[in-house]
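**Q** task: produce atomic coordinates for the following.
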Amino acid sequence: MKWPLDSRIILLALLILGFALRLDPALSYWINGDEGIYYRAVHLDWAGFWQQVIGNAHPPLFYLILRPLGLLGSDPLWLRLPALLASCLGIYGMFLLGRALSNERCGLFAAAMWALLP
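**A** The predicted structure follows:
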């Protein structure tokens, strides 16, 4: 049976919906405890940065990803940008996984479930 809508249109709509649902929390100015650790570390000089990275249980690679973003500004959105983008890419990844395991409908369902996750 042929789909009445092209799956690319549905997938694009799911990507936009998922991004919109994730953008509002990402724009909030409240910083949780983990974000506070990252926020402090990326705004230190290099010596303080490495001291913070070595003395913390959080992954060093994530600090290195956040360091250049933290230098772009002090807005918390810069700290949340990698997670926001990864989560939105996850929508597409779930589509590919569902399609590979079953068919396009399954892929779209999996993408919809990921897009609607809080």
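
**Q** in three-state terms, label Leu5 for me.
**A** Classification of Leu5 using DSSP: H, G, I helix; E, B strand; the rest coil returns coil.

**Q** which residue ranges of this structure form helices?
**A** Taking DSSP state H as the test, the helices found in the chain are 7-26, 33-42, 46-54, 60-72, 77-101, 104-116.

**Q** out of these, deepest packed?
**A** Across the helices of the chain, averaging neighbours per residue (mean count of other Cβ atoms under 10 Å) puts helix 104-116 on top, at a mean of 18. (Each C-beta comes from the backbone N, C-alpha and C, glycine too.)

**Q** got the contact list for the helix-or-strand element of the chain with minimal mean pLDDT?
**A** Of the helices and strands making up the chain, the lowest-confidence element is helix 33-42, at a mean of 86, by mean pLDDT, DSSP states H and E. With contact meaning Cβ atoms under 8 Å, 6 or more residues apart in numbering, helix 33-42 is reached by 31, 48-49, 52-53, 56, 58, 62-63, 66-67, 69-71, 76, 79-80.

**Q** Ser102: neighbouring residues, count only.
**A** 12 (other Cβ atoms under 10 Å).

**Q** so how far is Ala111 from it?
**A** The gap separating Ser102 from Ala111 is 13 Å, by Cβ to Cβ, to the nearest Å.

**Q** kindly report the same for Tyr39.
**A** For Tyr39, the distance to Ala111 equals 32 Å [Cβ to Cβ].

**Q** kindly report the same for Leu12.
**A** For Leu12, the distance to Ala111 (Cβ to Cβ) stands at 10 Å.
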